[in-house]
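*Asks:* just to be clear, the model below is a prediction. Sequence and coordinates:
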Amino acid sequence: MSKIDVAIIGASGYTGLELIKILMNHPHFNINYIATTEGGVKATELHPSLASVFEQDVLKADANEVAKYAKLAFLALPHKAAMGFTKELLALGVKVVDLSADYRLELEAYEKHYCEHEDKENLKEAIYGLPEINREKIKTARLIANPGCYPTASILGILPFLSYLNHEAPIFIDAKSGVSGAGKKPTTTAHFVTINENIFAYNPLKHRHEPEIAEKLRLVSGHPFEVNFVPHLLPVSRGMLVSSYLQTNDVIDAKAVVKEFYKDTRFVRVRDVPVDIKSTAGTNFCDIFVSQKGKSIFVSSAIDNLLRGASSQAVVNANLMCGFEETAGIPIIAYVP
């Protein structure tokens, strides 16, 4: 069977590199177009680790050119930049998996936390690309809004308990991410002397992923929840550990609930001991551990922020959109030790 040609727009960052690494060995996809907003370089100039492995030219992104060379495009661009390309690509018949925030939120929430939306029509059509929620809808979608990293780990941990939760009790989420989550561009916060042997909260109760988590929990359950989300930066390159604190209406067997909920899910592993970030690094797995004291539930979830939180989840979505097995070409072996 011939492969489907795909494009990567926004290949210079960490998520772009991870897309290249997954797709260059994918059984059903062929990288036929790779671009940045500037172009004019080789992939190896952006990512020296690709020397003698993937030396394709990196072009200046142009939607009309993408349509000539690809049936599906992955957009690894910042918010606002992505929606301009998405609108053009969809009009040209190219399917899109967008890794930015541009299509994740309802209009009012997006414009409150990001900027004015410039593609309101396609926003209505976009499917939130968390397969554990929207697997069937993803299969027929033209546009996927790939979830954020923190929302992926948070929602997957909370999802099994939505029907049991006390709607009056706030949800508290304590989240920690490796520095790659801050992106490739150097910042004061991600500077070695700042983050080395250090850990700190940032944007507590104000992070843009908080409304994304709250909105998806509301849409799935039919009930609004007060979500209190505090992210922290860890002195590690990759990985994400999220701790969620929940209150149920009645005493339940929390471990039995989560095991039953995810019994047929390929990329969620329910663990009997507290999870760690190293066991999921380099994979698309979300590892979950749960403990309880009466009606109080503690859920710990771990993912690779660059993979399950971005690039490998994007390829899972593309697999589903194109009628392939969800697991095709998806990394499952962790970077251990």
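*Replies:* That came in fine, so what should we check first?
*Asks:* show me where the stretch 101-250 of the chain has helices.
*Replies:* Listed in chain order, the helices found in the stretch 101-250 of the chain under DSSP state H, counting those that start in this stretch are 107-113, 120-125, 131-139, 149-158, 192-195, 209-221.
*Asks:* so for residue 323, which of the ones you listed sits nearest?
*Replies:* Across these, residue 323 has its closest neighbour in helix 131-139 (7.3 Å, C-beta to C-beta). Bear in mind the C-beta positions are built from the backbone N, C-alpha and C, glycine included.
*Asks:* would you indicate which residues of the helix or strand of the chain with the lowest mean pLDDT are buried?
*Replies:* Of all the helices and strands that make up the chain, helix 192-195 has the lowest average by mean pLDDT, DSSP states H and E, namely a mean of 93. Of all the residues in helix 192-195, those buried under the rule 16 or more other C-beta atoms under 10 Å are residue 195.
*Asks:* so how far is that helix off the chain centroid?
*Replies:* 26 Å (C-alpha atoms, centre = their mean, to the nearest Å).
*Asks:* now do that helix: everything it contacts.
*Replies:* 179, 188-189, 233, 235 (C-beta atoms under 8 Å, 6 or more residues apart in numbering).
*Asks:* now the buried members of those.
*Replies:* Neighbour counting over those (16+ other C-beta under 10 Å) leaves 179, 233 as the buried ones.
*Asks:* quick one: low-confidence parts of this structure?
*Replies:* By pLDDT under 70, the chain has no low-scoring segment.
*Asks:* which parts of it belong to which domain?
*Replies:* 4-146+310-321, 150-303 (automatic domain parsing).
*Asks:* just those domains: most buried one?
*Replies:* domain 4-146+310-321 (a mean of 20; mean count of other C-beta atoms under 10 Å).
*Asks:* what's the first-to-last distance across that domain?
*Replies:* Its first and final residues considered, domain 4-146+310-321 spans 12 Å by C-alpha to C-alpha, to the nearest Å.
*Asks:* heads up, I number from 31, so please use that
*Replies:* That works, and once the first residue is 31, the last one we named lands at domain 34-176+340-351.
*Asks:* distance from it to the middle of the chain?
*Replies:* Centroid separation for domain 34-176+340-351 versus its chain: 12 Å, with C-alpha atoms, centre = their mean.
*Asks:* same check, this time on stretch 190-201
*Replies:* Relative to where its chain is centred, stretch 190-201 has its mean C-alpha point 23 Å off (C-alpha atoms, centre = their mean).
*Asks:* and for stretch 191-208?
*Replies:* The chain centroid and the centroid of stretch 191-208 are separated by 19 Å under C-alpha atoms, centre = their mean.
*Asks:* just send the domains of the chain back as TSV, with distance to residue 360 too.
*Replies:* Output for the domains of the chain, formatted as TSV (distance: least, C-beta to C-beta, whole Å):
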stretch	distance to residue 360
domain 34-176+340-351	6
domain 180-333	5
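*Asks:* which residues of the stretch 231-367 of the chain fall in strands?
*Replies:* For the stretch 231-367 of the chain, the strands defined by DSSP state E, counting those that start in this stretch occupy 257-263, 270-277, 298-300, 316-323, 326-333.
*Asks:* identify whichever of the ones you listed lies nearest to residue 167.
*Replies:* Once these are compared by C-beta to C-beta, strand 298-300 is nearest, at 18.7 Å.
*Asks:* show me the contacts for the residue nearest to residue 246 when sequence neighbours are not counted.
*Replies:* Using C-beta to C-beta, 6 or more residues apart in numbering and skipping the chain neighbours, the partner closest in space to residue 246 is residue 185 (5.5 Å). Applying C-beta under 8 Å, 6+ apart, we find residue 185 in contact with 160, 163, 177, 243, 246-247.
*Asks:* follow-up on the earlier one: the strands of the stretch 231-367 of the chain: which one's closest to residue 199?
*Replies:* Sorting these by C-beta to C-beta, the top spot, which is the nearest, belongs to strand 270-277 at 3.6 Å.
*Asks:* chain center to that closest one: distance?
*Replies:* Taking C-alpha atoms, centre = their mean, one finds the center of strand 270-277 at 17 Å from the center of the full chain.
*Asks:* against residue 188, how distant is the residue nearest to residue 264 when sequence neighbours are not counted?
*Replies:* Taking C-beta to C-beta, 6+ apart as the measure, residue 264 lies nearest to residue 206, with 5.0 Å between them; neighbours along the chain are not counted. Distance of residue 206 to residue 188, computed by C-beta to C-beta, to the nearest Å: 17 Å.
*Asks:* helix, strand, or coil at residue 88?
*Replies:* Under DSSP: H, G, I helix; E, B strand; the rest coil, residue 88 falls in the strand class.
*Asks:* so it sits right up against residue 41, yeah?
*Replies:* Yes - in this structure, residue 88 sits in contact with residue 41. The criterion is C-beta atoms under 8 Å, and the distance is 5.9 Å.
*Asks:* if we can go back for a sec, take the strands of the stretch 231-367 of the chain and write them to CSV, including distance to residue 31.
*Replies:* Conversion of those to CSV gives the following (distance: least, C-beta to C-beta, whole Å):
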stretch, distance to residue 31
strand 257-263, 42
strand 270-277, 35
strand 298-300, 29
strand 316-323, 30
strand 326-333, 31
